[in-house]
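# 3D model of this:
(chains A and B, ligands or ions: 2)
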Amino acid sequence: MQTAKLSNISFRALHVWRRNGEVLLTTWYTNLLPPLMEPVLYVFAFGFGIGGLVEDFSFQSQEISYLQFVAPGVVAVAVMFWSFFETTYSSFVRMYYQRTFDAMIATSLLVEDVIAGELLWGATKAFVAGTIMLCMLTLFELPVWPSAFWVLPVAAIGGLLFSSVGIIVTALSPKIEAFNLPVFLLIFPMFLFSGTFFPLGQLPAWANQLAHILPLTHVCALIRGAFLNLTPRDLGVHVIYLLFVTMALCWLAIRLMHRRLVK
Amino acid sequence: MTDCKPIEACNLTKCYGDFGAVKGVNFEVSRGECVALLGPNGAGKTTTIRMLTCFSPITDGLIRVFGHDVSEHPRSVKSMMGICPQEDNLDPDFTVQKNLLVFARYFGIEKSIAASRVDQLLEKVGLTEKADSSIIELSGGMKRRLMIARALLNEPRLLVLDEPTTGLDPQARQLVWQLVRRMSQEGVTVLLSTHYMEEASQLTDRVIVMDEGKILLEGEPEKLVQTEVGREVVELWNMPGEVLDFFRQEKWPMEQIEGRLYIYDRVGGEVAGAIISRFPEQERQIRQATLEDVFLRRTGRVLRD
Ligand SMILES: Nc1ncnc2c1ncn2[C@@H]1O[C@H](COP(=O)(O)OP(=O)(O)OP(=O)(O)O)[C@@H](O)[C@H]1O
Ligand SMILES: [Mg+2]
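Numbers count the residues shown, from 1 in each chain, chains lettered A, B, ... in the order given. Ligands and ions are numbered 1, 2, ... in the order given. Next up is the predicted model:
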């Protein structure tokens, strides 16, 4: 049994990245509209809707509006959604239905290049979505600049993390329908319980601890810290978790996807 | 390196679990040769080709392409090779022309060179007018031609085509044959698989017949026909018992399938003469032996699973 070799990854992974980018540009409006519109909808729903019900909200002993709290959470959720859904549904279509990966491997590209290109592409989509949302939220004077610049690297690395999760799911799914399960068991709980829409301190202690296992918790904490210019209490833990888990999941994604593709 | 064979396969083996799809085959292809891989469905042609083209890891044995071990140097091996897999995998997100341009980039071909090469190739396969069409607008045959054009993008020294003409109309098949002949004349070595015996005899210098993961026989098409079957085949049907009895006593090899009798005549004219003089009323067909007879005789005239 042959296993993936990280040394087989080359600059050619960028050809894969570029191919996906060029496809996106041919249909850019369907891809750019959601990140442009989403924040506006969130601002209305959370700012005027829920925000009106929440009084005297404080975060890390700072008086802030609920909208200010939730805005970076929304960015973190977008980072997760855009990369995860790219490397699950979209990658699966390329791999299984279009056989795009097979076509690529008939050239100087190796399987590892293709997987790396897909991972990089998923991360790029998350980064772009995060950037656009940050810009839109700036129209509502929500992010604190220049501190909010730090959101960008977190979005990129977080994007890579969730791309890896997506590729792992794709590698293990026999059919596209199988994605419903990880979406329900993994992505949906993260969406709700990663400090995105309410501080994790609201949860019972055991649930709070459980939430700290979830990657989105750390991505969200870092994005919020940068967004509001409030250094998270466990900055070091979040950063180390993010880097370490991203590397580990990347490695696992390449390994499992290689096993799926090479028969 | 210049004297290395385009393909050398030694004891090539592929197992999926316990199942042996290719069981220790040995073959070579020489420079400039055009070779066909034949065999019934499931014989192991695609599996062999997938190992040769670095798609599938080898379970045991070895393949060298121009002296390079395919397992050790997949990148350099693939850069010398043009590959057209059995199933079309054109990129539906791009136009015809863009498909080739993007593919050229995967090979690291410079943009300006790629652009002119793409135009030439579209011309060669008769798709210039479809350059800006989307892939879904192409017919099956056009897709196949585009696949072949794509396999030529990197100016390969070895062209590997898995069933290049399956599903093509006669004109498109002729076009593919012309292309393959032209590549052959330009010194490109070609290995192709096909289910069309006529294609194999017309196009190739040598055929390799596989069955159940092994090589059954190989050689030049004409010589194989001569040694395996002979010159003529006489087919009889609706024959009375006396005809059957007569030929049972004779020396000619024959087969009876589903009420049809196939008699093989090495010299030619002997069986036909006997039929015409003794049983002039007998329904019959007298024809030249072909590669198809070799194939069917050796792999069986009935469908297997
Ligand atoms: N991924 C796989 N897993 C298990 N068995 C496989 C796999 N791929 C091929 N096989 C088996 O290997 C055998 C050889 O298949 P292969 O595709 O090489 O045949 P082929 O000669 O190309 O046939 P065809 O003329 O139908 O294309 C078949 O029995 C097939 O079922
Ligand atoms: Mg096949």
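
# give me the number of residues near B:Arg287?
For B:Arg287, the count of nearby residues is 12 (other Cβ atoms under 10 Å in any protein chain shown). C-beta: built from backbone N, CA, C; applies to glycine.

# can you give the contact residues for the strand or helix carrying B:Ile63?
If you go by DSSP states H and E, B:Ile63 is part of strand B:60-65. Strand B:60-65 has contacts (Cβ atoms under 8 Å, 6 or more residues apart in numbering or on different chains) with B:4-13, B:24, B:51-52, B:69-71, B:77, B:80-81, B:158.

# can you check stretch A:111-121 too?
With Cβ under 8 Å, 6+ apart, stretch A:111-121 has contacts from A:4-6, A:8-10, A:12-17, A:19-21, A:86-87, A:91, A:94, A:101, A:104-105, A:160, A:163-164, A:167, A:250, A:253-254, A:257-258, A:261-262.

# what's the local residue count around A:Met190?
Residues lying near A:Met190 (other Cβ under 10 Å) number 23.

# now do the phi/psi pair for it.
phi -70, psi -40 (degrees, to the nearest 10).

# I'd say A:Val74 and A:Ala45 touch.
No - A:Val74 lies out of contact with A:Ala45 (Cβ atoms under 8 Å); the separation is 9.8 Å.

# okay, those two: which has more neighbours?
More crowded of A:Val74 and A:Ala45, by other Cβ under 10 Å: A:Val74, with 24 against 14.

# which elements pack onto the helix or strand that one falls within?
In the assignment (DSSP H and E), A:Val74 maps to helix A:66-85. Using 3 or more Cβ pairs under 8 Å, 6 or more residues apart in numbering or on different chains; DSSP states H and E as the contact test, the elements touching helix A:66-85 are helix A:28-42, helix A:111-139, helix A:151-172, helix A:188-192, helix A:215-228.

# adding mean pLDDT, write the ones you listed out as TSV.
Formatted as TSV, the helices and strands packed on helix A:66-85 follow (pLDDT from 0 to 100):
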stretch	mean pLDDT
helix A:28-42	81
helix A:111-139	94
helix A:151-172	96
helix A:188-192	92
helix A:215-228	95
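
# tell me the residue of the stretch 51-200 of chain B that sits nearest ligand 1?
B:Gln86 (5.8 Å; Cβ to the nearest ligand atom).

# how near is A:Leu110 to A:Val43?
Going from A:Leu110 to A:Val43 by Cβ to Cβ, to the nearest Å gives 45 Å.

# correction: the previous question concerned A:Gln60.
22 Å.

# neighbour count for the two, which is higher?
A:Val43 (21 against 13).

# so what's that one closest to, chain neighbours aside?
A:Phe140 (5.4 Å; Cβ to Cβ, 6 or more residues apart in numbering or on different chains).

# for the one you found, give me its contacts.
Contacts of A:Phe140 (Cβ under 8 Å, 6+ apart): A:Pro39, A:Val43, A:Gly47, A:Leu67, A:Ala71.

# in the stretch 151-263 of chain A, what residue is nearest ligand 1?
For the stretch 151-263 of chain A, Cβ to the nearest ligand atom, closest residue to ligand 1: A:Lys263, 4.6 Å.

# ok, that residue touching B:Met51?
No - counting by Cβ under 8 Å, A:Lys263 sits too far from B:Met51 to count as a contact (11.1 Å).

# with neighbour numbers in mind, choose between those two.
When neighbours are counted by other Cβ under 10 Å, A:Lys263 and B:Met51 differ, and B:Met51 comes out ahead with 25 against 10.

# contacts only, for that one.
Counting by Cβ under 8 Å, 6+ apart, B:Met51 touches B:Leu12, B:Lys14, B:Val22, B:Pro57, B:Ile58, B:Ile63, B:Val70.

# could those residues be laid out in JSON lines, adding neighbour count?
What follows is those, written out as JSON lines (neighbours: other Cβ atoms under 10 Å in any protein chain shown):
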{"residue": "B:Leu12", "neighbour count": "25"}
{"residue": "B:Lys14", "neighbour count": "24"}
{"residue": "B:Val22", "neighbour count": "28"}
{"residue": "B:Pro57", "neighbour count": "15"}
{"residue": "B:Ile58", "neighbour count": "21"}
{"residue": "B:Ile63", "neighbour count": "22"}
{"residue": "B:Val70", "neighbour count": "23"}
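
# what residues does the stretch 151-263 of chain A have near ligand 1?
Counting by Cβ under 6 Å from any ligand atom, the stretch 151-263 of chain A comes close to ligand 1 at A:Lys263.

# who in the stretch 151-263 of chain A is up against chain B?
Selection of the stretch 151-263 of chain A residues close to chain B by Cβ under 8 Å from any Cβ of the partner chain yields A:Val262, A:Lys263.

# in the stretch 151-263 of chain A, what residue is nearest ligand 2?
A:Lys263 (14.4 Å; Cβ to the ion).

# quick one on the thing from earlier: list just the nearest of the contacts of A:Phe140 to ligand 2.
Using Cβ to the ion, the contacts of A:Phe140 come closest to ligand 2 at A:Pro39, 51.4 Å.

# now the residue nearest to A:Val43: phi and psi?
phi -100, psi 10.

# residues contacting residue 214?
Picking chain A for this. A:Pro189, A:Met190, A:Phe193, A:Ser194.

# oops, chain B please
So B:Lys214 contacts B:Lys23, B:Gly24, B:Val25, B:Gly44 (Cβ under 8 Å, 6+ apart).

# circling back: the inter-axis angle of the helix holding A:Val74 versus helix A:111-139?
Relative orientation of helix A:66-85 versus helix A:111-139 (axes from the mean of the first three to the mean of the last three Cα atoms, to 10 degrees): 160 degrees.

# and the next helix or strand past helix A:66-85?
Next helix or strand after helix A:66-85 toward the C-terminus (DSSP H and E): helix A:91-92.

# quick one: contacts for B:Leu90?
B:Leu90 makes contact with A:Ala103, B:Asn99, B:Ile135, B:Lys143, B:Leu146, B:Met147, B:Arg150 under the criterion Cβ under 8 Å, 6+ apart.

# how about the nearest residue to the residue of the stretch 101-250 of chain B found nearest chain A, chain neighbours excluded?
Ranked by Cβ to the nearest Cβ, the top residue of the stretch 101-250 of chain B for proximity to chain A is B:Tyr106, at 3.7 Å. The shortest distance from B:Tyr106 to any non-neighbouring residue, by Cβ to Cβ, 6+ apart, is to A:Thr107 (3.7 Å).
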